[in-house]
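Trainee: only geometry, no sequence info:
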């Protein structure tokens, strides 16, 4: 049921004709209330697409009544004209939802977030986008979450949905792309919904903590999109107001579920790799070490080749400023401690890398903090997918 | 003539049997003086091989009389026993050169730098290394630079040599591997020689400036070796003492020549890419922007696919903290300004990427500083070379 699992939401996914393929390419998610609180997290890239600039701005009030998303074009690096296109799209959504009908709403463009994904540097075909908005507004349904999730797919092979149940309330969500996994800079777009009663600051706190522990720790190739957006909308329709801890836990669980689906669907990989850094002096140290290993092409190629090359892992750890002594580093791959005290330990032939799931554990021997970063291996297909198609 | 082009040097390259292939794998370079001043630059990786720890230490006195280099094993992550192996190798070189013969020298292990390259995490076969030292000492010749350069090759397809002539003096050099280009973490080892008269602090100043502008700006995949070493030895045999500017210029020219040879021989690439960042607020900004683009797998895959994907370049620039405004960025590929003011400009079809040399120019429009970073594209062969073989 995706984003329409919580009460108070309708959604639709339609074919606007933005994509040449004729596949669904425009999604609309509407919050029917009674509340319309919201929070958002956006790409840290300084080159930001027009829809990111727009949505960041409209979210400052902590209110959102609708989100419109398109695939088939990122509307990034399109200048002032691209920003006007985003504004016009939001305005069209507001107008369509203000129109006559059973679910007439009072809203303006500033109540509408916009998300786009696709090729950078080209204007969107606005006639098709605006036509799609009209079609989508008419198709809105209380069970429309699934079609919305399909309409935001680009290189995804499966639609990504999640539902996390609370006590009388729930969190629903959909995601597309691969975010910082970034095959073809395939923007990560995530819309989360909840029928819990929650103020925008409570939503913001929950969403930031959830992203910090999930999407921010997916790191397939270190590339950062111009369009990454994660939105959380609350309708309050359940009448239940969970505690901050309950809200944060449910949102984190939803984000974790979606993040693992993104990892599994990242293009051009043969393995999902969890890099667990333990006994770090600080969580920040653990994250930086995990990222350095996750971004190291030599480590990633070795994993693709089923080579438990702990020397490359140590060399990657050595590029960080984290607290550790080189001669006190331990490394395990799939539970086999092939490196102890910075030197060879158990026989590398004991490591079985034939499965698609790989667990690397790095013991910094420097404290009590830990973190896990998830990544993929680097395969022929990654190069193929990212060189053969302009995107 | 390589490292034996300057007067006062002898060298040899021999087959010690460290490599299973039976190819030459041990090189010796000896400075017959009259001077023995020296300087060195080493990997910034915190995980450092035993020979790096050793050579860094012995260079503190600013004196070197010999350098012994082996391929076939990095002697990295080998613990205290690995360090003892390095010490024993230096001692063996000193003993061999102290022995009877026409060129008897007075020296100890502390006068001998050691460089190693190959697989991380395994001990060296010391019987073969020590035997090779004896053989190499006997083979030392005033025209032996070429054989030394061949003996340090690993995945290199050609030996890399240079000679830069001064007024009555010269700089010679040899290099192996691909340093930060790092196919298979193939350590960059460089030995430079000169017959100029120069104190160790003058050599140090020249070498640091030369490395900063050349080897430090090669960045094929962001990986950093545990063994990278660049050494500069001066014999003073020419009797000429160049100015600091002359010395720095000649050493920089030698390093630039070797760096371009490394770039051309990096494994698994189809293109050499120069990323020129202009009108930056500071040189540091220019370098950080160039590095971010050079390390971006999506940009590198696009270049492999002959796709002038300026959107990926902008997205990479956006990950840096350099001074720029996103809507004032200009990007040219091979002279075609396909991005102006952060948006599409000239038609991307005008860009010809069929040649192996690619020039990317990024205009930050933020100042007067500039820097060039050199890198390669990311190809199927890179993945193949780095996944199929443990190294």
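Mentor: Great, that's in hand. Everything quoted here is computed from the prediction, not taken from an experiment.
Trainee: hey, let's count contacts and neighbours off CA atoms from now on
Mentor: OK.
Trainee: where does residue A:362 fall, phi/psi-wise?
Mentor: phi -120, psi 120 (degrees, to the nearest 10).
Trainee: Beta-bridge partners for it, please?
Mentor: Note on residue A:362: beta-bridge partners by DSSP bridges are residue A:277, residue A:331.
Trainee: pretty sure it contacts residue A:277?
Mentor: Yes: contact criterion Cα atoms under 8 Å: residue A:362 and residue A:277 qualify, at 4.8 Å.
Trainee: shaky segments in the stretch 101-250 of chain A?
Mentor: Low-confidence segments of the stretch 101-250 of chain A (pLDDT under 70): A:101-104, A:178-186, A:220-223.
Trainee: Around chain B, which positions in the stretch 201-350 of chain A sit nearby?
Mentor: For the stretch 201-350 of chain A, the residues in contact with chain B (Cα under 8 Å from any Cα of the partner chain) are A:221-226, A:296-298, A:301-307, A:309, A:311-312, A:314-320, A:326-327, A:341-344.
Trainee: The same query, at a cut-off of 7 Å, please.
Mentor: The stretch 201-350 of chain A comes close to chain B at residues A:221, A:223-226, A:296-298, A:301-302, A:304-305, A:307, A:309, A:311, A:314-315, A:318-319, A:326, A:342-344, as judged by Cα under 7 Å from any Cα of the partner chain.
Trainee: Would you pull up the residue in the stretch 101-250 of chain A closest to chain B?
Mentor: Using Cα to the nearest Cα, the single residue of the stretch 101-250 of chain A nearest to chain B is residue A:120, 5.2 Å away.
Trainee: So what's the residue count around that residue?
Mentor: By other Cα atoms under 10 Å in any protein chain shown, the residues close to residue A:120 number 27.
Trainee: what's the answer for residue A:322, then?
Mentor: Residues near residue A:322, counting by other Cα under 10 Å: 19.
Trainee: any idea of the pLDDT on it?
Mentor: Residue A:322 carries a pLDDT value of 96.
Trainee: Could you pull up phi and psi at it?
Mentor: Dihedral pair for residue A:322: phi -60, psi 150, per degrees, to the nearest 10.
Trainee: Spatially nearest residue to it, not counting backbone neighbours?
Mentor: residue A:285 (4.9 Å; Cα to Cα, 6 or more residues apart in numbering or on different chains).
Trainee: same thing with residue A:319?
Mentor: Nearest residue to residue A:319, sequence neighbours excluded (Cα to Cα, 6+ apart): residue B:45, at 5.1 Å.
Trainee: The one you found: neighbour count?
Mentor: Under the criterion other Cα under 10 Å, the count of neighbours that residue B:45 has is 21.
Trainee: Can you give the distance of the one helix or strand residue A:263 maps to from its chain's centre?
Mentor: Assessed by DSSP states H and E, residue A:263 sits inside helix A:244-265. Computed by Cα atoms, centre = their mean, to the nearest Å, the chain-centroid distance of helix A:244-265 equals 10 Å.
Trainee: contacts for that helix?
Mentor: A:156-157, A:160-164, A:171, A:173, A:175, A:177-178, A:202, A:206-207, A:210-211, A:214-215, A:272 (Cα atoms under 7 Å, 6 or more residues apart in numbering or on different chains).
Trainee: Which ChimeraX command selects the buried ones in those?
Mentor: The buried subset of those, as determined by 16 or more other Cα atoms under 10 Å in any protein chain shown, is captured in ChimeraX by this line:
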select /A:156,160,161,162,163,164,171,173,175,177,178,202,206,207,210,211,214,215,272
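Trainee: The residues of the stretch 201-350 of chain A next to chain B in strands, which ones?
Mentor: Members of these lying in strands (criterion: DSSP state E): A:343-344.
Trainee: List buried residues within the residues of the stretch 201-350 of chain A next to chain B.
Mentor: A:221, A:223-226, A:296-298, A:301-302, A:304-305, A:307, A:309, A:311, A:314-315, A:318-319, A:326, A:342-344.
Trainee: Quick one: the helices in chain A, in order.
Mentor: Remark: helices assigned in chain A by DSSP state H are A:50-58, A:79-98, A:126-139, A:145-151, A:200-213, A:244-265, A:283-294, A:297-304, A:310-317, A:380-388.
Trainee: From the contact counts, what lies against the third one?
Mentor: Right, helix A:126-139. On a contact count with 3 or more Cα pairs under 7 Å, 6 or more residues apart in numbering or on different chains; DSSP states H and E, helix A:126-139 meets strand A:9-14, strand A:26-31, helix A:79-98.
Trainee: could I get these as a markdown table with mean pLDDT and distance to residue B:150?
Mentor: Conversion of these to a markdown table gives the following (pLDDT from 0 to 100; distance: least, Cα to Cα, whole Å):
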| stretch | mean pLDDT | distance to residue B:150 |
| --- | --- | --- |
| strand A:9-14 | 97 | 63 |
| strand A:26-31 | 98 | 60 |
| helix A:79-98 | 96 | 54 |
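Trainee: nearest to chain B, of these?
Mentor: That would be helix A:79-98 among the helices and strands packed on helix A:126-139, by Cα to the nearest Cα, at 5.9 Å.
Trainee: list the contacts for residue A:192?
Mentor: By Cα under 7 Å, 6+ apart, the contact list for residue A:192 reads A:3, A:171-174, A:231-233.
Trainee: Which ChimeraX command selects the buried ones in those?
Mentor: Those of those that count as buried under 16+ other Cα under 10 Å are selected in ChimeraX with:
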select /A:3,171,172,173,174,231,232,233
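Trainee: wait, which of the contacts of residue A:192 is closest to residue A:385?
Mentor: residue A:174 (23.9 Å; Cα to Cα).
Trainee: before we move on, back to that, pick the most buried one from the helices and strands packed on helix A:126-139.
Mentor: Among the helices and strands packed on helix A:126-139, strand A:26-31 has the highest mean neighbour count (mean count of other Cα atoms under 10 Å in any protein chain shown), at a mean of 30.
Trainee: counting contacts, what elements does that one pack onto?
Mentor: So strand A:26-31, by 3+ Cα pairs under 7 Å, 6+ apart, packs with strand A:9-14, strand A:66-70, helix A:126-139, helix A:145-151.
Trainee: Contacts for it next, please.
Mentor: Residues from elsewhere that reach strand A:26-31, judged by Cα under 7 Å, 6+ apart: A:8-16, A:65-71, A:132, A:136, A:148, A:151-152, A:235.
Trainee: rerun at 8 Å
Mentor: A:3, A:8-16, A:64-71, A:129, A:132-133, A:136-137, A:140, A:145, A:147-149, A:151-152, A:233-235 (Cα atoms under 8 Å, 6 or more residues apart in numbering or on different chains).
Trainee: Just want the angle from that strand to strand A:9-14.
Mentor: 170 degrees (axes from the mean of the first three to the mean of the last three Cα atoms, to 10 degrees).
Trainee: Give me the distance from strand A:26-31 to the chain's centre.
Mentor: With Cα atoms, centre = their mean, you get 17 Å for strand A:26-31.
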